[in-house]
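Engineer: Need the 3D shape of this:
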Amino acid sequence: MKYYIIAGEVSGDLHGANLIKSIKKIDDNANFRVWGGDLMQNQGATNVVHIRDRAIMGFIEVILNLFKIIKLINFAKKDISEYNPDRLIFIDYPGFNLKIAAWAHSKGFETHYYISPKIWAWNVKRALKIKKIITKMYVILPFEREFYKKFGYDVKYVGNPILDQINNFIPNPDFVKNYNLDNKPIIALLPGSRKQEIDLIMPVMLQSVIPFIKNYNVVVAVAPGYENSYFNKYLNIENVKLINDNTYNILKYSYAALVTSGTAALETAIFNIPQVVCYKTSWINAFIAKFVIKVKYISLPNLISGKEIIRELLQNELTVENLKKELNKLTNENLREKVFEDYSELKEIMGSEGASDITASCIVLS
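Structural biologist: Reported below is the predicted structural model:
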């Protein structure tokens, strides 16, 4: 069969690549055309538009890039029509994907959505639209199934693909030696995969770790698609290492982490690394968000747990002094033990592995 997949971020590329692997196990004649990144491309998919060419976030950024977005939407409709896939698969990325899904539904395409848009955070009534235009929704957060039930929509909870990814990960035993890291503990900085995030959050992270550099290795996890040179403008501090596209090894050997909110916060929790979640956006985006965000927390570990198990520093709270203070707490052994207990409960809530295989079976055999 022919599959057309649209993902919009680095995490979506990762989940899409794993989904492609799983589909190939049960469909020997599978052919993939995707909007993704290097990982999906490495699985043999034809990549139509790379994620780095369309990473747009924030209310104002969407308005400023409106003509570009319209052009991409029109191209997607044309490309899907010409390819005529048996299955059209959307991965998160709701601002774009729901527009294409509405059109695709009207044209009779079978639509599958893997990893629900986070509409429960800010636009709950969108569930009614999703119910109309999506043939089947596959959710990866335990509470999402109950959320959609309120709207009379029966979705499939498949578990979380991050569990598969991390459980299949094989650490490099020579990682510390290969990067000339000494025996000091590692503090990992994960500044995100979007330029807007990096530019606002990275300087605060770096300034906050200055007092720790003497006793710790400080390592910046550079996201796929970026050259280390992009970060050079921020490195006015000695003894900070940039490591490209190697986040899981960094986390595996880390003692603590400063993490931009997103999938990385959940990955860090599953690796059992105490962390502080950092997030900042433009003042206008933050102002608008105050009126539309409906949830108490922004990080996935806190949302899934239903309580604050990791500290979130957002907007004006994200200062060098506050981050220093919270990072210092992560070196306290008693507090670390509490974090590990909370992480253990989080993993129980998330359940077992197999999300990619379960989703692939549902899509192929539907």
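Engineer: all helices for the stretch 201-350 of the chain, in order.
Structural biologist: If DSSP state H, counting those that start in this stretch is used as the criterion, the helices of the stretch 201-350 of the chain fall at 247-252, 263-270, 283-292, 300-305, 320-329, 333-350.
Engineer: most packed of those?
Structural biologist: When you average the neighbours per residue for each of the helices of the stretch 201-350 of the chain (mean count of other CB atoms under 10 Å), helix 263-270 leads with a mean of 25. Where you see a C-beta, it was placed from the backbone N, CA and C, and this is true even at glycine.
Engineer: For that helix, which helices and strands make contact with it?
Structural biologist: helix 161-167, strand 186-190, helix 247-252, strand 254-260, strand 275-279, helix 300-305, helix 333-350 (3 or more CB pairs under 8 Å, 6 or more residues apart in numbering; DSSP states H and E).
Engineer: so which of the helices of the stretch 201-350 of the chain comes closest to residue 6?
Structural biologist: For residue 6, the closest of these is helix 263-270, at 17.5 Å, according to CB to CB.
Engineer: what about that closest one, average pLDDT?
Structural biologist: Regarding helix 263-270, the rounded mean pLDDT is 94.
Engineer: Can I get stretch 311-321 in PDB, CA atoms only?
Structural biologist: C-alpha atoms of stretch 311-321 as PDB (Å, rounded to 0.1, in the frame of the first residue of the first chain):
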ATOM      1  CA  ARG A 311       9.900  22.400  38.500                       C
ATOM      2  CA  GLU A 312       8.700  24.500  35.600                       C
ATOM      3  CA  LEU A 313      10.300  28.000  35.100                       C
ATOM      4  CA  LEU A 314       8.200  29.900  32.500                       C
ATOM      5  CA  GLN A 315       8.500  33.400  31.000                       C
ATOM      6  CA  ASN A 316       9.400  35.900  33.700                       C
ATOM      7  CA  GLU A 317      10.200  33.100  36.100                       C
ATOM      8  CA  LEU A 318      13.000  31.900  33.800                       C
ATOM      9  CA  THR A 319      15.800  34.000  35.200                       C
ATOM     10  CA  VAL A 320      19.500  33.100  35.800                       C
ATOM     11  CA  GLU A 321      19.000  33.400  39.500                       C
END
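Engineer: pretty sure residue 270 contacts residue 166?
Structural biologist: Yes: between residue 270 and residue 166 there is a contact under CB atoms under 8 Å: 5.2 Å.
Engineer: one step back: can I get the helices of the stretch 201-350 of the chain in TSV with distance to residue 158?
Structural biologist: Formatted as TSV, the helices of the stretch 201-350 of the chain follow (distance: least, CB to CB, whole Å):
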stretch	distance to residue 158
helix 247-252	22
helix 263-270	15
helix 283-292	28
helix 300-305	15
helix 320-329	34
helix 333-350	12
